[in-house]
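Visitor: Okay, here's the prediction I keep looking at, along with the sequence it came from:
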Amino acid sequence: MKAILRTKAGKHFSTMKVETIKASVIKPNEVRVKMKTSRINPVDMDLMKGFPSLKYKIKQIGGIDGAGKITALGSNVNNFSIGDEVFFYRLFSDIGTWAEEITIPVKYISKIPKSISLKESGAVALPILTAFESILALNSKKGDTILIHGAGGGVGFIAVQIAIIMGLKVIANASNKDFEDLKKIGVNTLIDYKTHDFYDQLKLNPPDYVFDVIGKKTLMKSITLKPKKVVSIAFPDPAQMHKSGVNLPWLLKKILILMNKKFTKAAKKFNVELIGQVTGANGKLLNDAARLFDTHNLYIKSFKTKTLNEIETNGLNKLDLGKIILFN
Ligand SMILES: NC(=O)c1ccc[n+]([C@@H]2O[C@H](COP(=O)([O-])OP(=O)(O)OC[C@H]3O[C@@H](n4cnc5c(N)ncnc54)[C@H](OP(=O)(O)O)[C@@H]3O)[C@@H](O)[C@H]2O)c1
């Protein structure tokens, strides 16, 4: 079978190549999945740099999420059947999802939402899990206000919809090319991040919560707004990194804590609860998130695809970020 392999750490996707490899052997608690789609997530680009605990001694299959059809069950699996359509997010340290067939622990998978196709499910697996876990982490109160950065992006666009379901009033900070889609899902307060500074717009009437996907200055200004809580997926909390399969050596943990210090200090100064959110591979939570599609008719933005054959011929580059790989 064909797979897209990370041959060694490298800039962008420069060392990613399609090669023919042997399918992995299925373990008792795993299922085998014939892949349909997988998103090219920003974290796939981060993984190209090689985490210190993930040195690429051997070629590794890329990708961390996706959707497909179960073709075989491990001997201990009894809650799924052959033919089930499933979607998933897996650990960074696992074997990836960019292959015609993969094996994956059953605890990471969920049946796809009934209201969307298998192809679409692969486009939203990591974004919906991340958005759902992050909004839940806020433990928010109905009627409160939330500012969502990157509201037109993969994670942000779903976070907006989940926040609305939770009864929150959403302020979207996004690119104006996404305004039409954001209005369609019910957002009336929009800030164009390229022309307006959200801090200036909101300092007199700050939101109760902020959902940050950008980090750096955006995160610092969000804290300075003095909301009750900020949840950030761009602020890697060393204490949570294990959830993604990365076990940081103590020295790197210390460096990360030092790098984060200015944010934690500011949060303390302004009495803001700062949550550094790391998405964990969790089929049960993904299943809860999937049901939101069915009960609330979540909207999926249109997306571009790239087939495995196209990648074999032309490779991957940074403009492919956000596209969906089509395996068959
Ligand atoms: N912690 C975790 O577990 C976790 C999980 C998933 C993702 N992430 C991280 O979360 C980030 C977002 O992921 P994604 O898949 O949603 O990426 P994405 O699809 O590329 O979306 C990012 C969005 O942010 C917008 N944006 C860029 N700069 C902005 C700014 N200064 N203010 C407001 N919006 C801005 C972009 O607009 P344009 O279109 O104009 O560029 C885009 O719509 C990535 O860095 C990813 O690595 C972390």
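Guide: It's in. Numbering: from 1, shown residues only.

Visitor: now the strands: where do they sit in the stretch 101-250 of the chain?
Guide: Under the criterion DSSP state E, counting those that start in this stretch, the stretch 101-250 of the chain contains strands at 101-105, 109-111, 145-149, 169-174, 189-192, 209-212, 229-232.

Visitor: Turn those strands into a markdown table, including distance to the ligand and mean neighbour count.
Guide: For glycine as for every other residue, the C-beta is placed from the backbone atoms N, C-alpha and C. A markdown table is the format used below for the strands of the stretch 101-250 of the chain (distance: least, C-beta to the nearest ligand atom, whole Å; neighbours: other C-beta atoms under 10 Å):
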| stretch | distance to the ligand | mean neighbour count |
| --- | --- | --- |
| strand 101-105 | 18 | 22 |
| strand 109-111 | 17 | 24 |
| strand 145-149 | 4 | 25 |
| strand 169-174 | 5 | 24 |
| strand 189-192 | 8 | 17 |
| strand 209-212 | 9 | 30 |
| strand 229-232 | 8 | 24 |
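
Visitor: export the ones you listed to CSV and tack on mean pLDDT?
Guide: Output for those, formatted as CSV (pLDDT from 0 to 100):
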stretch, mean pLDDT
strand 101-105, 97
strand 109-111, 98
strand 145-149, 98
strand 169-174, 98
strand 189-192, 98
strand 209-212, 98
strand 229-232, 98
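
Visitor: want to try a markdown table for the ones you listed, with distance to residue 63 as columns?
Guide: As requested, the strands of the stretch 101-250 of the chain are exported to a markdown table (distance: least, C-beta to C-beta, whole Å):
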| stretch | distance to residue 63 |
| --- | --- |
| strand 101-105 | 9 |
| strand 109-111 | 15 |
| strand 145-149 | 25 |
| strand 169-174 | 26 |
| strand 189-192 | 32 |
| strand 209-212 | 25 |
| strand 229-232 | 24 |
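
Visitor: Minimum distance to residue 37: which of these has it?
Guide: Evaluated with C-beta to C-beta, these place strand 101-105 nearest to residue 37, the distance being 12.6 Å.

Visitor: any residues touching that closest one, and which ones?
Guide: Strand 101-105 is contacted from outside by 1, 23-27, 29-35, 61, 66, 68, 71, 88, 90, 94-97, using C-beta atoms under 8 Å, 6 or more residues apart in numbering.

Visitor: Swap in 10 Å and give it another go.
Guide: For strand 101-105, contacts defined as C-beta atoms under 10 Å, 6 or more residues apart in numbering pick out 1-3, 23-27, 29-35, 38, 61, 63, 66, 68, 70-72, 74, 77, 86, 88-91, 94-97, 281, 283, 327.

Visitor: Next: stretch 112-119.
Guide: 35-37, 67-69, 84-88, 120-125, 128, 286-287, 289-298, 300, 303, 305, 324, 326.

Visitor: Can you select the buried ones from the residues you listed in ChimeraX?
Guide: Command for ChimeraX that selects the buried part of the contacts of stretch 112-119, burial taken from 16 or more other C-beta atoms under 10 Å:
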select :35,36,37,67,68,69,84,85,86,87,88,120,121,122,123,124,125,128,286,287,289,290,292,293,298,300,303,324,326
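
Visitor: In helices, which of the contacts of stretch 112-119 appear?
Guide: 120-125, 128, 286-287, 289-296 (DSSP state H).

Visitor: With residue 251 as the reference, measure out to residue 149.
Guide: According to C-beta to C-beta, to the nearest Å, residue 149 stands 31 Å off from residue 251.

Visitor: Repeat that for residue 159.
Guide: Applying C-beta to C-beta to residue 159 and residue 251 gives a distance of 33 Å.

Visitor: quick one, which of the two is more surrounded?
Guide: Between residue 159 and residue 251, counted using other C-beta atoms under 10 Å, residue 159 has the larger neighbour count: 29 against 9.

Visitor: and the residue in the stretch 1-150 of the chain that the ligand sits nearest to, how many neighbours does it have?
Guide: Going by C-beta to the nearest ligand atom, the ligand is nearest to residue 150 of the stretch 1-150 of the chain, at 2.8 Å. Neighbours of residue 150 under the rule other C-beta under 10 Å: 24.

Visitor: hang on, it packs against residue 158?
Guide: No: contact criterion C-beta atoms under 10 Å: residue 150 and residue 158 do not qualify, at 11.1 Å.

Visitor: how would you label the closest residue in space to residue 223 that isn't next to it in sequence: helix, strand or coil?
Guide: Closest residue in space to residue 223, ignoring its immediate chain neighbours: residue 266 at 4.7 Å, by C-beta to C-beta, 6 or more residues apart in numbering. Secondary structure, DSSP: H, G, I helix; E, B strand; the rest coil: residue 266 is helix.
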